[in-house]
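> Sharing a sequence plus its predicted fold:
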Amino acid sequence: MTASFHEMWRQLAPVGRHPDSGGYRRHAWTGADADCRTWFQEQAEARGLHYETDRNGNQWAWLGDPLAGGAVVTGSHLDSVPDGGAFDGPLGVVSSFAALDELRARGAEFTRPLAITNFGDEEGARFGLACVGSRLAAGQLTREAAYELRDGDGITLPQAMEAAGYDPAAIGPDPERLARIDAFVELHVEQGRALDLTGDPVGVASAIWPHGRWRYDFRGEANHAGTTRLVDRRDPMPTYAETVLAARRAAELAGAVATFGKIAVEPNGVNAIPSLVRGWLDSRAADQATLDTVTAAVESAAAEAAARHGVDLTVVRESFTPVVEFDHALRDELGKLLGGRVPVLGTGAGHDAGILSAAVPTAMLFVRNPTGVSHSPAERAEEDDCVAGVRALADVLEGLACR
């Protein structure tokens, strides 16, 4: 198992890695994404698994009859945020194949179908919406809404899929497939330091905080930066800056998080006052009431600043995921299968498991991250903890699929 894990990790490591930043740029329906998909298919076929791609471009590798029902599924995603780390997503996919290798080495006898999956476009780095593949499968994203998604170059999701050799006309809900799944267990590197603080290599997820993304459009008036008096300006940049600081204050007061991490400026000239500043807010909190308080405070502060600066403001909620309580029975069973001494922790990060939870019993395992850093080239997990994660996942799959 350890040898297969390291071999897979070595093969996947160069794919989509940027030579300057050291981070990964594995964005949906790009060349790097295609290389990841090829790697996944090769791993499936090397193990004699039945490989298929569903109508939404998600990849599946089956041991046993895919149509039999009662399946146990594991996996994660292989795409990344811009200059992301190596572990977010790929650790779950690599660990899934390694866990299967471990179970075969144990001589485990499967009584249920087992599948390993790679969900497409989990990070939403290209089209701005997270978990596109799982949202489509679960019916949480309509075909019409998916067709409206565009990247920074104006390329639509259907155009990108078609260019990559997939049929965008086929996308849509996949209830029959999901009905054949009895449990989905996703292993993921922890995006935080809870396990580092407790000293545990592996933990079980309790819930995912409610979270969403909001687009703020601040529209002013383009003008000359050197000749336009400050009092004559309708400059959206100070309004945006004040909103960023207001978001930080609101989050601190509420014990939540709020981040403006992406910005677009027009005309984007050094000597030009902007006509448009567009910023994206990501906000998350432990409960819905707190999240509502934070986002309302941010929008109120933005509106007040916009009025003072003579700027027009539009706020659009582009995505939202309510609080996800993972299936309690499945979560408790994972704890028992792992000896009952595994910490249970919540997370502010979204995952495909959270999207699928409305249709399928889902659970998550977290592997310790010694620094808590994620969505960065500095993201990491120690070798011993990765191996512990594979063994924990193998124990869970054995208990669920081999009884």
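Nice, thanks for sending it over. Numbering: from 1, shown residues only.
> who's in contact with the residue of the chain most remote from its centre?
Distance from the centre of the chain peaks at Thr227, with 45.4 Å (CA atoms, centre = their mean). Applying CB atoms under 8 Å, 6 or more residues apart in numbering to Thr227 gives no contacts. All C-beta atoms are positioned from the backbone trio N, CA, C, and that covers glycine.
> now it: how far from Val277?
Applying CB to CB, to the nearest Å, one obtains 21 Å for the distance of Thr227 from Val277.
> How about Arg26?
29 Å.
> The two - which one has more neighbours?
With neighbours defined as other CB atoms under 10 Å, Arg26 and Val277 compare such that Arg26 has more, 27 against 24.
> Any regions of this structure where pLDDT drops low?
1 (pLDDT under 70).
> what does the domain assignment say about it?
For the chain, the domain assignment from automatic domain parsing gives the residue ranges 2-209+323-401, 211-321.
> what's the most buried one of those?
domain 2-209+323-401 (a mean of 20; mean count of other CB atoms under 10 Å).
> That domain: end-to-end distance?
From its first residue to its last, domain 2-209+323-401 covers 22 Å (CA to CA, to the nearest Å).
> Check stretch 48-66 too.
The first-to-last residue distance of stretch 48-66 comes to 14 Å (CA to CA).
> Repeat that for stretch 153-160.
Terminal residues of stretch 153-160 are spaced 11 Å apart (CA to CA).
> and it, how far out from the chain's middle?
Taking CA atoms, centre = their mean, to the nearest Å, one finds the center of stretch 153-160 at 20 Å from the center of the full chain.
> Identify the residues contacting it?
For stretch 153-160, the surrounding residues in contact (CB under 8 Å, 6+ apart) are 28-29, 126-127, 132, 146-151, 168-169.
> Drop everything from those that is not in helices and list the rest.
Under the assignment DSSP state H, the contacts of stretch 153-160 contribute 132, 146-147 to helices.
> Just the closest of the residues you listed to Glu333, please.
Val132 (29.8 Å; CB to CB).
> ok, now which ones touch that closest one?
Contacts of Val132 by CB under 8 Å, 6+ apart are 28, 56, 120-122, 124, 141, 146, 149, 157.
> So which of these is the closest to Arg368?
Arg368 lies nearest to Glu122 out of the contacts of Val132, by CB to CB, at 21.2 Å.
> Could I get the full set of strands for the stretch 151-300 of the chain?
Along the stretch 151-300 of the chain, the stretches classed as strands by DSSP state E, counting those that start in this stretch are 181-189, 202-208, 211-219, 223-224, 257-266, 272-273, 276-284.
> so can I have CSV of these showing distance to Gly310?
Below are those laid out as CSV (distance: least, CB to CB, whole Å):
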stretch, distance to Gly310
strand 181-189, 46
strand 202-208, 40
strand 211-219, 10
strand 223-224, 12
strand 257-266, 17
strand 272-273, 12
strand 276-284, 14
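> and of these, who's closest to Thr314?
Using CB to CB, the strands of the stretch 151-300 of the chain put strand 211-219 closest to Thr314, at 4.3 Å.
> Relative to that closest one, what are the paired strands and their orientations?
Applying DSSP bridges, strand 211-219 is found paired with strand 276-284 (antiparallel), strand 312-321 (antiparallel).
> Arrange those strands in a markdown table, one row each, with distance to Asp232 as further columns.
Output for the strands paired with strand 211-219, formatted as a markdown table (distance: least, CB to CB, whole Å):
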| stretch | distance to Asp232 |
| --- | --- |
| strand 276-284 | 18 |
| strand 312-321 | 17 |
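> which residues sit against the lengthiest helix in the chain?
Ranked by residue count, the top helix of the chain under DSSP H comes out as helix 288-309. With contacts defined as CB under 8 Å, 6+ apart, helix 288-309 is touched by 209-212, 214, 216, 218, 220, 233-236, 238-239, 242-243, 246-247, 250-251, 254-256, 258, 281, 283-285, 311-313, 315, 322-323.
> how about a cut-off of 6 Å?
Outside of helix 288-309, the residues within contact range by CB atoms under 6 Å, 6 or more residues apart in numbering are 210, 238-239, 242-243, 246-247, 250-251, 254, 256, 258, 283, 285, 313, 315.
> and those, which of them are in helices?
238-239, 242-243, 246-247, 250-251, 254.
> So Asp174 sits against Leu136, correct?
No - Asp174 lies out of contact with Leu136 (CB atoms under 6 Å); the separation is 7.6 Å.
> if we can go back for a sec, from the contacts of stretch 153-160, pick the one nearest Gly346.
Val132 (24.2 Å).
> before we move on, the earlier item: any idea which of the contacts of Val132 is closest to Phe366?
Glu122 (16.0 Å).
> tell me the contacts of Gly220?
Residues in contact with Gly220 (CB under 6 Å, 6+ apart) are 234-236, 311.
> Reformat these as JSON lines; add distance to Thr293.
Output for the contacts of Gly220, formatted as JSON lines (distance: CB to CB, whole Å):
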{"residue": "Arg234", "distance to Thr293": "30"}
{"residue": "Asp235", "distance to Thr293": "29"}
{"residue": "Pro236", "distance to Thr293": "26"}
{"residue": "Val311", "distance to Thr293": "24"}
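> Contacts only, for the closest residue to Gln59 other than its chain neighbours.
Sequence neighbours aside, Asn118 is the residue nearest to Gln59 in space, at 4.3 Å (criterion: CB to CB, 6 or more residues apart in numbering). Counting by CB under 6 Å, 6+ apart, Asn118 makes contact with 40, 59, 75, 78, 93.
> Filter the residues you listed down to the ones in helices?
Per DSSP H, the contacts of Asn118 map to helices at 40, 93.
> Out of the strands of the stretch 151-300 of the chain, the one nearest Pro377 is which?
Pro377 lies closest to strand 181-189 among these, at 13.6 Å (CB to CB).
> Return the distance of the closest one from the chain's centre.
Computed by CA atoms, centre = their mean, the chain-centroid distance of strand 181-189 equals 14 Å.
> and the angle from that strand to strand 202-208?
110 degrees (axes from the mean of the first three to the mean of the last three CA atoms, to 10 degrees).
> what does strand 181-189 contact?
For strand 181-189, contacts defined as CB under 6 Å, 6+ apart pick out 70-74, 76, 87, 91-92, 95, 330, 353, 356, 360-367, 369, 381, 389, 393, 396, 400.
> Good, wrapping up.
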